[in-house]
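Enquirer: My questions are about this predicted structure, shown below with the sequence.
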Protein chains: 2
Amino acid sequence: MPTERTSAGDPAQTLRLLWRAAEDPATPPAPRRGPRRALSVDAVLAAATALADAEGLEAVTIRRVAQELGVVPMSLYTYVPGKAELLDLMMDAAYDAMPRPDTAGEPWRARVKAIAEENRALFEVHPWAAEVSTARPPLGPGLMAKYEHELTAFEDTGLGDVETDDCLTHLLGFVQGWARSAADTRAAQAESAMSDRQWWQANAPLLEKVFDAEKYPNAVRVGSAAGEAHGAAYDADHAYEFGLERVLDSFEALIAGRRRTR
Amino acid sequence: MPTERTSAGDPAQTLRLLWRAAEDPATPPAPRRGPRRALSVDAVLAAATALADAEGLEAVTIRRVAQELGVVPMSLYTYVPGKAELLDLMMDAAYDAMPRPDTAGEPWRARVKAIAEENRALFEVHPWAAEVSTARPPLGPGLMAKYEHELTAFEDTGLGDVETDDCLTHLLGFVQGWARSAADTRAAQAESAMSDRQWWQANAPLLEKVFDAEKYPNAVRVGSAAGEAHGAAYDADHAYEFGLERVLDSFEALIAGRRRTR
DNA sequence: CTTAATACTGTGCGGCGTACAGTGTACAAG
DNA sequence: CTTGTACACTGTACGCCGCACAGTATTAAG
């Protein structure tokens, strides 16, 4: 599995699990034979998420989650069909838990910016979520509530439904891409036990021989200027702020264009 | 290894390998004792890249590359210190092989758009490259040539060095993020043997119960509008064109602002 | 009490990167 | 021409992974 991906499991089972809390209360669960269940889907989900938060997504193995729950690995398969479905549950639960402050009345730019901030916060609380591809999203209550909420930020912009979806996709793509870069930078630092600054300094002697200012004049000039400006080759906070302003500016141009031709 | 990452190996060894072709010709390689080398770094690199192109990055294992070369796995370690260093070589070689057409004389927007297209082409030739995090880039001749080339697209925009680097980072982040989404969508289709359209249709009966237009009015309306417009929930080509125009528009606004305050 | 459904457990498969300890080869020194 | 040594190359082994499968224990239904 090169990249973790949602909706990689059996769709029917996944949907049943995702919407398990919304089951018809008129049909109480039939009494089951066999031993009492020692755990629950939510317990497995909580343990897996806690593990991912603390040690990253690669620590979330069936064996390890079972260990956290004091249970033998294969037991988990009575709660969850497999690892793919567990990941869907984790993502949808994370979406569901996101705060959705009401920004009605504020101008669209502030509302859209708030959406970006909420997603940034998601990736700060659950850094592992940034690594998960949601090309096919987990179609659970969390995603639906999130999508519904985020769309309202584009109300009264004059954009059509399709353009609104395009803009939201673009915005969320930016935030997730940024979160991945930021997480990768942190991970590289942790693994090499070297900060970005230290790493560049450690490599400096070797690089000097190779970063020929005659051969690469722009690269050497711009690279060192950027490095000095941020104190590192890549400053995540700066990249976020710069990128978000660019995204918002581009929406502004789009909205202005639509209003003009309306 | 959750995400593949460049520059995860020993920096000194990595740099020596990356710049191996640029070694001082005044010091010819000392004659070596022992058996003649059956392969070469470039042969290993070529085999690994061919494998990644054909079967994806997760097919690139030491065992498998060795098998392709008709050699036992451990032999590769005499050419390359480990898998991390091999990945750096692959990325830098891919950068090095990118065409760098001269767009001097064209307006900046066309030049910057060409940079995006070149990177899109990179990810089409080597889809695996999109999965690789370059938070710490492979500091080889390929990256240097690419960076130098890409910076020239921003000449005469009036942007400062730091802003130019910010813009380039933002642009490349967009293209790579898009390439990942596109690749993930393709991978999901291949793995489930279901197109996006088929997948949504297969899930439709279950989704109808759950996509409550009263509870999620905007989501249901916008989601179905977007789905109908593109014939799928996610249309990669459309997302690329829409996103690229947004990125270029935002650069236009930034450049106009800088010119005004200059 | 018997039957059957369910929960849980133990073992095993084929894969991964690579540490480590060999073995065989070819050049340099004597 | 012999010997020492640097080097290329090989085989084995370790601890991980998801999970298929077969078996056992527990409970409720008939």
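Expert: Structure's in. What do you need?
Enquirer: hang on, A:E131 packs against A:L57?
Expert: Yes: taking Cβ atoms under 8 Å as the definition, A:E131 is a contact partner of A:L57 at 5.6 Å. (C-beta placed from N, C-alpha, C; glycine too.)
Enquirer: Name the helix or strand for A:V247, please.
Expert: Per DSSP states H and E: A:V247 is located in helix A:236-260.
Enquirer: Of all the residues in that helix, which ones are buried?
Expert: A:236, A:238-240, A:242-244, A:246-255 (16 or more other Cβ atoms under 10 Å in any protein chain shown).
Enquirer: name the helices or strands packed onto it?
Expert: Helix A:236-260 makes packing contacts with helix A:108-125, helix A:161-192, helix B:161-192, helix B:236-260 when contacts are defined by 3 or more Cβ pairs under 8 Å, 6 or more residues apart in numbering or on different chains; DSSP states H and E.
Enquirer: Nearest to DNA strand C, out of those?
Expert: Relative to DNA strand C, the nearest member of those by Cβ to the nearest atom of the strand is helix A:161-192, separated by 12.0 Å.
Enquirer: Is the closest one in proximity to DNA strand C?
Expert: No: no part of helix A:161-192 sits near DNA strand C under the criterion Cβ under 7 Å from any atom of the strand; the closest distance found is 12.0 Å.
Enquirer: Tell me the first helix or strand C-terminal of that helix.
Expert: Next along the chain after helix A:161-192, taking DSSP H and E as the criterion, comes helix A:196-210.
Enquirer: what's the spacing between that following helix and its chain's center?
Expert: Mean-position distance between helix A:196-210 and its chain equals 32 Å (Cα atoms, centre = their mean, to the nearest Å).
Enquirer: same check, this time on stretch A:152-169
Expert: Remark: stretch A:152-169 is offset 21 Å from the chain centroid, using Cα atoms, centre = their mean.
Enquirer: same check, this time on stretch A:108-124
Expert: Once both centres are worked out by Cα atoms, centre = their mean, stretch A:108-124 turns out to sit 12 Å from its chain's centre.
Enquirer: is that stretch up against chain B anywhere?
Expert: No: looking at stretch A:108-124 against chain B by Cβ under 8 Å from any Cβ of the partner chain, there are no contacts, and the closest approach is 12.7 Å.
Enquirer: in that stretch, what's buried?
Expert: Applying a neighbour-count criterion of 16+ other Cβ under 10 Å, the buried positions in stretch A:108-124 are A:W108, A:R111, A:V112, A:K113, A:A114, A:I115, A:A116, A:E118, A:N119, A:R120, A:L122, A:F123.
Enquirer: was I right about A:R221 contacting B:T164?
Expert: No: if you go by Cβ under 8 Å, A:R221 and B:T164 don't touch, sitting 10.0 Å apart.
Enquirer: which residues sit in contact with A:F251?
Expert: Applying Cβ atoms under 8 Å, 6 or more residues apart in numbering or on different chains, we find A:F251 in contact with A:R109, A:V112, A:T157, A:C167, A:L171, B:R246.
Enquirer: where does chain A dip in pLDDT?
Expert: Counting by pLDDT under 70, the low-confidence segments of chain A come to A:1-2, A:23-30, A:262.
Enquirer: For it, what lies in contact range of DNA strand D?
Expert: Selection of chain A residues close to DNA strand D by Cβ under 7 Å from any atom of the strand yields A:31-36, A:60-64, A:73-74, A:77, A:82-84.
Enquirer: For DNA strand C, tell me which of those residues show up nearby.
Expert: Intersecting the residues of chain A next to DNA strand D with the contacts of DNA strand C gives A:R32, A:R33, A:G34, A:P35, A:R36, A:P73, A:M74, A:Y77 (criterion: Cβ under 7 Å from any atom of the strand).
Enquirer: Identify the farthest-apart pair in these.
Expert: Using Cβ to Cβ, these reach their maximum pairwise distance at A:R33 and A:P73, which is 24.0 Å.
Enquirer: Of these two, which one has the most company?
Expert: Neighbours were counted for A:R33 and for A:P73 using other Cβ atoms under 10 Å in any protein chain shown; A:P73 has more, 13 against 5.
Enquirer: these two touch, right, that one and A:R63?
Expert: Yes: between A:P73 and A:R63 there is a contact under Cβ under 8 Å: 4.7 Å.
Enquirer: host element of the nearest residue to A:D212 once chain neighbours are set aside?
Expert: The spatial neighbour of A:D212 that comes closest, neighbours along the chain excluded (Cβ to Cβ, 6 or more residues apart in numbering or on different chains), is A:V220 at 7.7 Å. Under the assignment given by DSSP H and E, the secondary-structure element containing A:V220 is helix A:217-230.
Enquirer: If you count neighbours, what's buried in that helix?
Expert: A:N218, A:A219, A:V220, A:V222, A:G223, A:A225, A:A226, A:G227, A:A229, A:H230.
Enquirer: Correct me if wrong: the third one contacts A:V210.
Expert: No: with contact taken as Cβ under 8 Å, A:V220 and A:V210 are classed as non-touching, separated by 10.5 Å.
Enquirer: and the residue of the stretch 1-150 of chain A found nearest DNA strand C, which of the three is it?
Expert: Minimum separation of the stretch 1-150 of chain A from DNA strand C (Cβ to the nearest atom of the strand) falls at A:G34, amounting to 2.7 Å. Of the three states, A:G34 takes coil under DSSP: H, G, I helix; E, B strand; the rest coil.
Enquirer: Give me the angle between the helix holding A:V247 and helix B:161-192.
Expert: Between the axis of helix A:236-260 and that of helix B:161-192 there is an angle of 80 degrees, by axes from the mean of the first three to the mean of the last three Cα atoms, to 10 degrees.
Enquirer: just to revisit the earlier point, of the contacts of A:F251, which is the nearest to A:R136?
Expert: So of the contacts of A:F251, ranked by how close each gets to A:R136 (Cβ to Cβ), first place is A:L171, at 19.4 Å.
Enquirer: Got phi/psi on A:R5?
Expert: Taking degrees, to the nearest 10, you get phi -140, psi 140 for the backbone angles of A:R5.
Enquirer: Who are the contact partners of the closest residue to A:T164 other than its chain neighbours?
Expert: Closest residue in space to A:T164, ignoring its immediate chain neighbours: A:F154 at 4.4 Å, by Cβ to Cβ, 6+ apart. The neighbourhood of A:F154, defined by Cβ under 8 Å, 6+ apart, consists of A:W108, A:R111, A:V112, A:T164, A:C167, A:L168.
Enquirer: so which residue of the stretch 101-250 of chain A comes closest to DNA strand D?
Expert: Residue nearest to DNA strand D within the stretch 101-250 of chain A: A:W128 (13.4 Å; Cβ to the nearest atom of the strand).
Enquirer: isn't that residue right up against A:A52?
Expert: Yes: under the contact definition of Cβ under 8 Å, A:W128 touches A:A52, with a separation of 4.3 Å.
Enquirer: any common contacting residues for those two?
Expert: A:V60.
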